[in-house]
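Colleague: Next comes the sequence, and after it the predicted model I'd like to discuss.
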Amino acid sequence: MKLKLKPLREQVMVITGASSGIGAATAKMAAERGAKVVLVGRQENRLNSVLNDIVRGGGVGDADQAGFDRYGVYFARAQLYGRSA
């Protein structure tokens with residue numbers, strides 16, 4: 001059986017460790033390719049900086065300081081979880 005994935009632009013990706021390094025780069029690349037991104041990390045100011053970069057580039061996302069309690073309000077359900085921390 002061949003696995004068929006939805007296009008990235010039809011998915012929501014939750015990315016931990018998104019405030020810097022690999023997590024931030026992953027979030028930006030996923031958003032550039034059309035995914036809606038939920039950024040999770042410990043440093044709220046850095047998360048917001050990454051989110052601002054994404055939004056300025058035309059992407060869609062939200063940031064939450066080390067928690068998943070808000071993302072459902074915006075995107076209903078996540079299909080992908082990226083772990084980088």
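Modeller: That came in fine, so what should we check first? Numbers count the residues shown, from 1 in each chain.

Colleague: Counting neighbours, what do you get for residue 30?
Modeller: 23 (other CB atoms under 10 Å). Just so you know, the C-beta spots here come from the backbone N, C-alpha and C atoms, and that holds for glycine as well.

Colleague: what's the helix or strand for it?
Modeller: Secondary structure assignment for residue 30, by DSSP states H and E: helix 21-32.

Colleague: got a list of what the residue nearest to residue 39 when sequence neighbours are not counted touches?
Modeller: Leaving aside its chain neighbours, residue 39 sits nearest to residue 18 (3.7 Å; criterion: CB to CB, 6 or more residues apart in numbering). Residue 18 is in contact with 24, 26, 27, 37, 39, 40, 41, 47, 50, 63, 84, counting by CB atoms under 8 Å, 6 or more residues apart in numbering.

Colleague: Among these, name the ones in helices.
Modeller: Using DSSP state H, the subset of the contacts of residue 18 located in helices is 24, 26, 27, 47, 50.

Colleague: picking up where we left off before, give me the three-state assignment for the residue nearest to residue 39.
Modeller: Three-state assignment for residue 18 (DSSP: H, G, I helix; E, B strand; the rest coil): coil.

Colleague: Phi first, then psi, for it.
Modeller: Main-chain torsions, residue 18, degrees, to the nearest 10: phi -80, psi 0.

Colleague: related to what we said a few turns ago, any chance of the ones in helices among the contacts of residue 18 in a markdown table, with distance to residue 7 too?
Modeller: Converted to a markdown table, those look like this (distance: CB to CB, whole Å):
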| residue | distance to residue 7 |
| --- | --- |
| 24 | 23 |
| 26 | 17 |
| 27 | 18 |
| 47 | 26 |
| 50 | 23 |
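
Colleague: Pull out the buried residues from those.
Modeller: Buried by 16 or more other CB atoms under 10 Å: 24, 26, 27, 47, 50, out of the ones in helices among the contacts of residue 18.

Colleague: Just flag the most distant two among those.
Modeller: 26 and 47 (13.4 Å; CB to CB).
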